[in-house]
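Undergrad: Any chance you could fold what I've pasted below:
(one chain, ligands or ions: 2)
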Amino acid sequence: MFSKVLVANRGEIAVRVMRACEELGIRTVAVYSDADKHSGHVRYADEAYNIGPARAADSYLDHEAVIDAARKAGADAIHPGYGFLAENATFAAKVGESNVKWVGPSADAMERLGEKTKARALMQEADVPVVPGTTEPVESAEEVKEIADEYGYPVAIKAEGGGGGRGLKVVHNEEEVEDQLETAQREGEAYFDNASVYVEKYLESPRHIEVQILADEHGNVRHLGERDCSLQRRHQKVIEEAPSPALTEDLRERIGEAARRGVKAADYFNAGTVEFLVEDGEFFFMEVNTRIQVEHTVSEQITGIDIVKWQLRVAAGEELDFAQDDVEFDGHSMEFRINAENAANDFAPAPGGKLETYDPPGGIGVRMDDALRQGDDLVTDYDSMIAKLIVTASDREECITRSERALAEFEIEGFHTIIPFHRLMLTDETFCAGEHTTKYLDEELDKSR
Ligand SMILES: Nc1ncc2cc(-c3cccc4ccccc34)c(N3CC[C@@H](N)C3)nc2n1
Ligand SMILES: [Ca+2]
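TA: Residues are numbered from 1 along each chain as shown. Ligands and ions are numbered 1, 2, ... in the order given. Model (predicted):
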């Protein structure tokens, strides 16, 4: 097992990873930009290294700065967290070449699955249903029209390098094809440095269901059940939950096994998530996330498996010590992203502020993942999520009640957060019935504007 790990991230996920390290007897190294000098993940670590100014490109995204810090600290491994360099295969390879272990999949697997069309072709090989469409990039409007003629409009034109909703163009009829194709290619080039686009049948009101995977470097692959991430606002997940209220036991079994087959076919190891769209009792592969995700917590809560500890153990060469049948699902868990945004003002991010009051909830079934303490200055240089409230109970109904209780006792003062929005969501009939699709929230918020 490693004796020292550098966490190349900040905020709640950096502390989350460091907690797993502590429990494994591993010493922790933090890296921080000038903006994070007094941040919680720096306080928490055994040692900390400044890696540059606030701008992410000059600090958290600076390959050499991070690897230099690992070398200075004598770290055996680097855990990337999520975001920043977590899915950067080039960086992962550089880490390996510096004789530091990358806590994540191989650079090859990241490449193989990061290219969406390659991933789709690979999944088809493994008998995993994919959203109907192309498994090669398309060049011309004619190719788009062929797909649309075969599957019907609307179709989605997607950027190869996109994901998370960026680079998704919906085409409703033949007249729109030329413009939307040209826009998708131009934006692909501009945002992802990759003009390749592909086409899929656009599913009108799917659920967004993702399966958590854990695989070791000896060929053992397990799934830890699914998460339902259908409550999204402009492609940003707001509340995630496990298990999904929308799956039957049969569908749950089939989607879990499909995810395992697909990941096995990709020679993938460490933690990963296979994203599916589910509509009318059918599931379709969308993409793989080759990193630990923000919402990994709800899977941990209902299985009792510490995913981050297993990432570290697997990276150190250990085998998974449980079979698929040993994975049990108990209860229901919801994660509320605590964003420093003002939901009453179209979710505008807080311009700054100081955490005058920070008194998070506690009690049975309440987990807080954060890197905050009262008096901290809000760091606004990165993303607006400052904490995660994860609530677990015996079933979905109790989870909702317990979440209402926890959110009611959550005291934060100094800047707006979306806690009031979450409390409102828990009174929403459609959400409480578990009948919301990925479009529900955007449609609701558009109505109220
Ligand atoms: N063929 C096809 N049909 C429906 C889709 C629906 C989504 C989708 C999934 C989740 C939330 C959404 C919100 C608005 C629009 C789309 C979504 C989607 N994406 C792409 C990125 C991923 N994070 C969400 N891809 C789709 N693809
Ligand atoms: Ca994704």
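
Undergrad: alpha carbons only for contacts and neighbour counts from here, please
TA: Will do.

Undergrad: What's opposite Ile412 in the beta bridge?
TA: Counting by DSSP bridges, Ile412 forms beta bridges with Tyr358.

Undergrad: Pull up the gap between it and ligand 1, please.
TA: From Ile412 across to ligand 1, the span is 29 Å (C-alpha to the nearest ligand atom, to the nearest Å).

Undergrad: Pull the contacting residues for that residue.
TA: 355-360 (C-alpha atoms under 8 Å, 6 or more residues apart in numbering).

Undergrad: Kindly recompute the last result at 10 Å.
TA: Going by C-alpha atoms under 10 Å, 6 or more residues apart in numbering, Ile412 touches 355-360, 374, 419.

Undergrad: Please identify the one among those that lies nearest to ligand 1.
TA: Distance to ligand 1, by C-alpha to the nearest ligand atom, is smallest for Ile419 among the contacts of Ile412, at 21.3 Å.

Undergrad: Run a quick neighbour tally on the closest one.
TA: A count of neighbours around Ile419, defined by other C-alpha atoms under 10 Å, yields 22.

Undergrad: For Ala344, see how far away it is.
TA: Counting by C-alpha to C-alpha, to the nearest Å, the separation of Ile419 from Ala344 is 11 Å.

Undergrad: before we move on, back to that, of the contacts of Ile412 - the most surrounded one?
TA: Ile419 (22 neighbours).

Undergrad: Relative to Glu12, how far out is that residue?
TA: Using C-alpha to C-alpha, Ile419 is found at 17 Å from Glu12.

Undergrad: Give me the buried stretch members for the helix or strand where Glu253 lies, please.
TA: Counting by DSSP states H and E, the element that carries Glu253 is helix 249-265. Applying a neighbour-count criterion of 16 or more other C-alpha atoms under 10 Å, one finds 252, 255-264 buried in helix 249-265.

Undergrad: okay, among the residues you listed, which ones form the most distant pair?
TA: Comparing all pairs in the buried residues of helix 249-265 by C-alpha to C-alpha, the longest separation belongs to Arg252 and Lys264, at 18.5 Å.

Undergrad: who in the stretch 301-449 of the chain is up against ligand 1?
TA: Residues of the stretch 301-449 of the chain lying close to ligand 1 (C-alpha under 6 Å from any ligand atom) are 438-439.

Undergrad: all strands for the stretch 301-449 of the chain, in order.
TA: Secondary structure of the stretch 301-449 of the chain (DSSP state E, counting those that start in this stretch): strands located at 332-339, 341-342, 348-349, 357-359, 366-370, 385-393, 411-413.

Undergrad: The second one - contacts with which helices or strands?
TA: What that stands for is strand 341-342. If contacts are counted by 3 or more C-alpha pairs under 10 Å, 6 or more residues apart in numbering; DSSP states H and E, strand 341-342 sits against strand 348-349, helix 419-425.

Undergrad: Format the ones you listed as TSV; extra columns: distance to ligand 2 and mean pLDDT.
TA: Shown next, in TSV, are those (distance: least, C-alpha to the ion, whole Å; pLDDT from 0 to 100):
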stretch	distance to ligand 2	mean pLDDT
strand 348-349	23	96
helix 419-425	23	98
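
Undergrad: Residue numbers of the stretch 151-300 of the chain in contact with ligand 2?
TA: 163-164 (C-alpha under 5 Å from the ion).

Undergrad: repeat that with 8 Å
TA: 163-165, 275, 287-289 (C-alpha under 8 Å from the ion).

Undergrad: Can you flag the buried ones in those residues?
TA: For those, a neighbour count by 16+ other C-alpha under 10 Å gives the buried set as 163, 275, 287-289.

Undergrad: close to ligand 1, is the following helix or strand past the helix holding Glu253?
TA: As assigned by DSSP H and E, the chain's next helix or strand after helix 249-265 is strand 270-279. No - shown here: strand 270-279 not in contact with ligand 1 (C-alpha under 6 Å from any ligand atom), separated by at least 6.9 Å.

Undergrad: What angle do helix 249-265 and strand 270-279 make with each other?
TA: Counting by axes from the mean of the first three to the mean of the last three C-alpha atoms, to 10 degrees, strand 270-279 points 140 degrees away from the direction of helix 249-265.

Undergrad: and after strand 270-279, which helix or strand comes next?
TA: Sequence-wise, the next helix or strand downstream of strand 270-279 (DSSP H and E) is strand 282-289.

Undergrad: any idea which strand is longest in this structure?
TA: Criterion DSSP state E: the longest strand present in the chain is strand 221-233.

Undergrad: quick one: strands adjacent to it?
TA: With DSSP bridges as the test, strand 221-233 is paired with strand 207-215 (antiparallel), strand 236-242 (antiparallel).

Undergrad: returning to what we had before: would TSV of the residues of the stretch 151-300 of the chain next to ligand 2 with pLDDT be doable?
TA: Shown next, in TSV, are these (pLDDT from 0 to 100):
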residue	pLDDT
Gly163	76
Gly164	71
Gly165	74
Glu275	97
Glu287	94
Val288	96
Asn289	96
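
Undergrad: which of the residues you listed lies closest to Asp76?
TA: Set against Asp76, the nearest of those by C-alpha to C-alpha is Asn289 (24.6 Å).
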